[in-house]
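Q: compute the structure for the input listed below.
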Amino acid sequence: MAIADKTSLQLPKENLEAQDFLPLLGTDYIELYVGNAKQAAYYYMSAWGFQPLAYAGLETGLKDKVSYVIQQGKIRLVLTSPLKSGGELNKHIDAHGDGVKAIALWVDDATKSYTETTERGAESYLKPYSLEDKDGEVKLSGIHTYGETVHIFVERSNYKGVFLPGYKAWNPFYKPAELGLKYVDHIVGNVGWNEMTKWCKFYEEVMGFAQLVSFDDKDISTDYTALMSKVMSNGNGRIKFPINEPADGRKKSQIEEYIEFYNGAGVQHMAMATDNIIETVSQLRNRGVEFLTVPAIYYEDVLDRVGEIDEDLEPLKELGILIDRDDEGYLLQIFTKPLLDRPTMFIEIIQRKGAKSFGKGNFKALFEAIEREQASRGTL
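A: Prediction:
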């Protein structure tokens, strides 16, 4: 692949605006490879309020894998498991555990998206092809990105079916109530030492993204650990990919822990937006989702730092929700503990009240909370 050089490269100042050669309409779906798709679907439905949408497996003619598709708001998750031993799915799960394989992007033209990106240096994952059934046609293509993560380009303007050709509607009796999750706000990738700039350059040159903001080890550090991060965004701002790499610290950072247990680069977390974070997090907690906690002292001066907010402070304090402000407004955010036995993937819940940033003022409190969890696991 053309973007293989690991030397540090600065993004040119004249490229602050995203390019227009790859219009992205939004996140189409996120596919996770998991050990047991049926049980994973039950978890995300029961704990997170996702609704059943579509299914593909033995009953639809598949012989080697099964997929359950669940949805809440504009967030669509595809949970895929192998049906037989051996094969690429098994290798992926053995190496990484459950985790994100594909971030699918909704586009007007899957063939053009493939051509534009591969001609700029992307490694091909799926050459353009079509799927058809009685409900129409979907065109797909795909490229590799960091680790074993891939982007799938999905062109579905000529399709009226439930999800994709080959899937049937899934309509079980069990449908727990939704919890107010609206859309994917951003998806964060963890990469290895000195690889952040390489992958930011990839998103700039190959996909036309621009750097929205960057954080160095002075911004994201505690007494023990540090990391570096840059946020890449497409032109319309619907797709935002922060990219993290480790930085030198006295102890093992969360990024190093992730890479050790995931066995390489991959998606660290998905941020899901809500319009009422207090209600959403309260219901998630009642359904068994565990969140990182911050000391009560965080709230003693938080309003001095962020100013007036619409919400009462007490429920935010009781739930452990963090607050930060930028020039556009403020945001509320909270992070789960790892969702899996391996300390890898987690989910962020975020409510934006005008803010376009990512909670820089919360980094120290957040990372100290993560370090406490690392210490309990013996991996700090």
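
Q: beta partners of Leu332?
A: Using DSSP bridges, the beta-bridge partners of Leu332 come out as Ile323, Gln351.

Q: number of nearby residues for it?
A: 26 (other Cβ atoms under 10 Å). Every residue, glycine included, has its C-beta placed from N, CA and C.

Q: wait, it touches Asp275, no?
A: No: in this structure, Leu332 is not within contact of Asp275 by Cβ atoms under 8 Å, at 10.8 Å.

Q: overlap in contacts of the two?
A: Each of Gln351 lies in contact with both Leu332 and Asp275 under the rule Cβ atoms under 8 Å, 6 or more residues apart in numbering.

Q: flag the shaky bits of the stretch 201-350 of the chain, pLDDT-wise.
A: Within the stretch 201-350 of the chain, the stretches with pLDDT under 70 are 213-227, 249-251.

Q: which residues of it fall in helices?
A: For the stretch 201-350 of the chain, the helices defined by DSSP state H, counting those that start in this stretch cover 254-262, 277-286, 302-306, 313-319.

Q: and of the ones you listed, who's closest to Gly208?
A: With Cβ to Cβ, the closest approach to Gly208 among the helices of the stretch 201-350 of the chain belongs to helix 254-262: 26.3 Å.

Q: next, the buried residues of that closest one.
A: 254-259, 261-262 (16 or more other Cβ atoms under 10 Å).

Q: same thing with stretch 147-165?
A: Quick answer for stretch 147-165 (16+ other Cβ under 10 Å): 147-156, 159, 161-165.

Q: repeat for stretch 337-354
A: Quick answer for stretch 337-354 (16+ other Cβ under 10 Å): 337-340, 342-353.

Q: and the residues you listed, which two are the farthest apart?
A: Arg342 and Lys353 (34.1 Å).

Q: the closest residue to Glu245 other than its chain neighbours: what's it in contact with?
A: Nearest residue to Glu245 in three dimensions, chain neighbours excluded: Met196, at 3.8 Å (Cβ to Cβ, 6 or more residues apart in numbering). Residues near Met196 by Cβ under 8 Å, 6+ apart: 228-230, 243-245.

Q: what do you get for Val289?
A: Here Val289 is in contact with 47-48, 336 (Cβ under 8 Å, 6+ apart).

Q: Throw these into a markdown table and include distance to Ile93 and neighbour count, thanks.
A: What follows is the contacts of Val289, written out as a markdown table (distance: Cβ to Cβ, whole Å; neighbours: other Cβ atoms under 10 Å):
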| residue | distance to Ile93 | neighbour count |
| --- | --- | --- |
| Ala47 | 21 | 18 |
| Trp48 | 21 | 24 |
| Thr336 | 21 | 19 |
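
Q: just those: which are in strands?
A: Here DSSP state E is the test, and the contacts of Val289 give no hits in strands at all.

Q: going by distance to Gln211, which of the residues you listed wins?
A: Checking the contacts of Val289 against Gln211 with Cβ to Cβ, the nearest one is Thr336 at 27.3 Å.

Q: among the contacts of Met196, name the buried ones.
A: 228-230, 243-245.

Q: return the member of those residues nearest to Lys74.
A: So of those, ranked by how close each gets to Lys74 (Cβ to Cβ), first place is Ile243, at 23.1 Å.

Q: so the closest one is in contact with Gly189, correct?
A: Yes: the pair Ile243 / Gly189 is scored as a contact, 5.2 Å apart, by Cβ under 8 Å.

Q: from Tyr159, how far off is the spatially most distant residue from the centre of the chain?
A: Here the chain reaches farthest from its C-alpha mean at Lys134, the gap being 32.5 Å by Cα atoms, centre = their mean. Distance from Lys134 to Tyr159, counting by Cβ to Cβ, to the nearest Å: 11 Å.

Q: please enumerate the shared neighbours of Ile243 and Gly189.
A: Going by Cβ under 8 Å, 6+ apart, residues that sit against Ile243 and also against Gly189 are 146, 199.

Q: show me the contacts of Met196 that map onto strands.
A: If you go by DSSP E, these have 228-230, 243-245 in strands.

Q: got JSON lines for those, with distance to Gln72 too?
A: Formatted as JSON lines, those follow (distance: Cβ to Cβ, whole Å):
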{"residue": "Met228", "distance to Gln72": "32"}
{"residue": "Ser229", "distance to Gln72": "27"}
{"residue": "Lys230", "distance to Gln72": "29"}
{"residue": "Ile243", "distance to Gln72": "26"}
{"residue": "Asn244", "distance to Gln72": "26"}
{"residue": "Glu245", "distance to Gln72": "31"}
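
Q: among those residues, which one lies nearest to Val206?
A: For the ones in strands among the contacts of Met196, the nearest to Val206 is Ile243 (13.5 Å; Cβ to Cβ).

Q: ok, now which ones touch that closest one?
A: 146, 188-189, 191, 196, 199-200, 203, 229-232.

Q: select, out of the helices of the stretch 201-350 of the chain, the one closest to Pro172.
A: Pro172 lies closest to helix 277-286 among those, at 20.7 Å (Cβ to Cβ).

Q: rewinding a little: go through the contacts of Ile243 and say which is closest to Glu300.
A: Of all those, Ser229 has the smallest distance to Glu300: 27.4 Å, by Cβ to Cβ.
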